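1. task: produce atomic coordinates for the following.
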Amino acid sequence: MKKTEIQMINAVDETDLQILSLLRDNARISLKAIAEQTYLSSTAIAARIEKLERNGYIEGYYTRVNSGSFGLTIKAYISLEVEPIQKQEFYPYIRSCPNVVECDCVTGDYSMLIKVVFASTTELDRFIGELQHFGKTKTQIVFSTPVEHRDVFPIR
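-> All right, here's what the predicted structure looks like:
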């Protein structure tokens, strides 16, 4: 198979983008509702969604839980300086921390950027103390979030 044929198989069209947009806005939307908005049959929608999943455009379906409703109202970003040799120990540790929402390996003065939520600054401070086993930290506490996490894809 030629490269252009592979690109054609994996390409998305306007209808696929509309389906992705509807699912992004409401992962529980019914096939019937998508079909009504795209003027296709439910069977055709199911086939398109399966293709989007198979080709990696859809990675999963999620429920977004409001951590604040559980008392986790302190959100912070922690920059951490981790030496490359420490990553083998650090990665399993950070994956095991339930208050860690996200951890990214980044460029710059600090090698890790960690997003966390806690019920109090005391708990956050205790966690930062544990992280300092791996290196220097810098913490920024979030006051407000004008744009929540969202998935981004090209809109045509």
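2. what comes up buried for stretch 88-97?
-> Using 16 or more other CB atoms under 10 Å as the test for burial, stretch 88-97 gives 90, 94. The way it works is simple: take the backbone N, C-alpha and C, and place the C-beta from them, glycine included.
3. residues making contact with it?
-> When contacts are defined by CB atoms under 8 Å, 6 or more residues apart in numbering, stretch 88-97 is touched by residues 82, 100, 103, 112, 114, 116, 127, 134.
4. quick check: chain neighbours aside, which residue is closest to the fourth one?
-> With sequence-adjacent residues excluded and distances taken as CB to CB, 6 or more residues apart in numbering, Met112 is closest to Leu80, at 4.2 Å.
5. residue contacts, the one you found?
-> Counted by CB under 8 Å, 6+ apart, Leu80 has contacts 110-114, 131, 134-137.
6. in ChimeraX, select just the buried ones from these.
-> Restricted to buried positions by 16+ other CB under 10 Å, the ChimeraX selection for the contacts of Leu80 reads:
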select :110,111,112,113,114,131,134,135,137
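7. redo the contacts of Leu80 as TSV? Include secondary structure.
-> Below are the contacts of Leu80 laid out as TSV (DSSP: H, G, I helix; E, B strand; the rest coil):
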residue	secondary structure
Tyr110	coil
Ser111	coil
Met112	strand
Leu113	strand
Ile114	strand
Leu131	helix
Phe134	coil
Gly135	coil
Lys136	coil
Thr137	strand
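8. pick the one among the contacts of Leu80 closest to Thr122.
-> Nearest to Thr122, judged by CB to CB, of those is Leu131 at 15.3 Å.
9. kind regards, and thank you for your time.
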